[in-house]
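Q: One predicted model, sequence on top.
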Amino acid sequence: MTKLAILEYPDPRLRTKAAPVAAVDATVRRLADDLLETMYGSRGIGLAATQVDVHRRVVVVDVSPEHDRPVVLINPQIIASESHKLCEEGCLSLPGIYANVERAQKVRVRAQGRDGSPFEMDAEGLAAICIQHEMDHLEGRLFVDYLSELKRQLIRRRLAKERRQRSVSSEVRSPASAT
Ligand code: NI
């Protein structure tokens with residue numbers, strides 16, 4: 001398994017709509033495994049293929065407290081949803097940014113698993129929110145799209161400032177580590 005680089009907002013590649021997976025082959029299984037490795041390595045609870053610049057309909061989720069309940073969803077579809085509520089969420093493509101988004105608190109999802117077999121599952125609370133968030137990525141949609149343009153502008157400025165600070169601090173560090 002390989003930890004992959006995660007695209008960060010406002011990278012335009014995050015806007016790509018993912019294509020359905022026609023057959024769950026070794027490449028798709030490898031992608032699912034790499035997504036899990038990348039998600040766990042970044043302390044995330046969900047990750048979509050879009051975020052690693054692979055535009056196929058694959059997402060992974062693990063909201064368990066011990067991080068030992070990986071769920072792979074290939075070609076996921078929400079077939080029922082209820083009780084919409086505002087909840088705070090974040091995203092590995094927008095490090096450090098959190099905002100309230102309205103999501104269904106209960107969803108029924110139809111998908112294929114890592115082995116390609118179709119299944120349905122019910123998800124509630126954090127799992128339900130996470131699945132909706134990851135499925136948005138497959139459409140090229142981000143949680144900040146639900147906010148006002150003014151808020152998005154502030155978020156873009158803050159992320160750009162933090163990226164500048166990160167690159168300055170790595171320049172300051174590099175002479176020392178070179179010795
Ligand atoms: Ni995300």
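A: Good, I have the coordinates. Nothing here was measured: the structure is a model prediction, and the numbers come from that model. Numbering: from 1, shown residues only.
Q: measure residue 126 to residue 27 for me?
A: Counting by Cβ to Cβ, to the nearest Å, the separation of residue 126 from residue 27 is 30 Å. C-beta coordinates here come from the backbone N, C-alpha and C atoms, glycine included.
Q: Settle it for me: which of those two has more neighbours?
A: For residue 126 versus residue 27, neighbours defined as other Cβ atoms under 10 Å are more numerous around residue 126 (16 against 12).
Q: which helices and strands sit right next to the strand or helix carrying that one?
A: Assigned by DSSP states H and E, residue 126 belongs to helix 125-138. Where contact means 3 or more Cβ pairs under 8 Å, 6 or more residues apart in numbering; DSSP states H and E, helix 125-138 is packed against strand 46-48, strand 58-61, strand 71-91, strand 94-112.
Q: Go through those and name the closest to residue 152.
A: Closest to residue 152 of the helices and strands packed on helix 125-138, according to Cβ to Cβ: strand 94-112, at 9.8 Å.
Q: Direction included, what does that closest one pair up with?
A: Strands that pair with strand 94-112, judged by DSSP bridges, come out as strand 71-91 (antiparallel), strand 118-124 (antiparallel).
Q: No further queries at this time; thank you.
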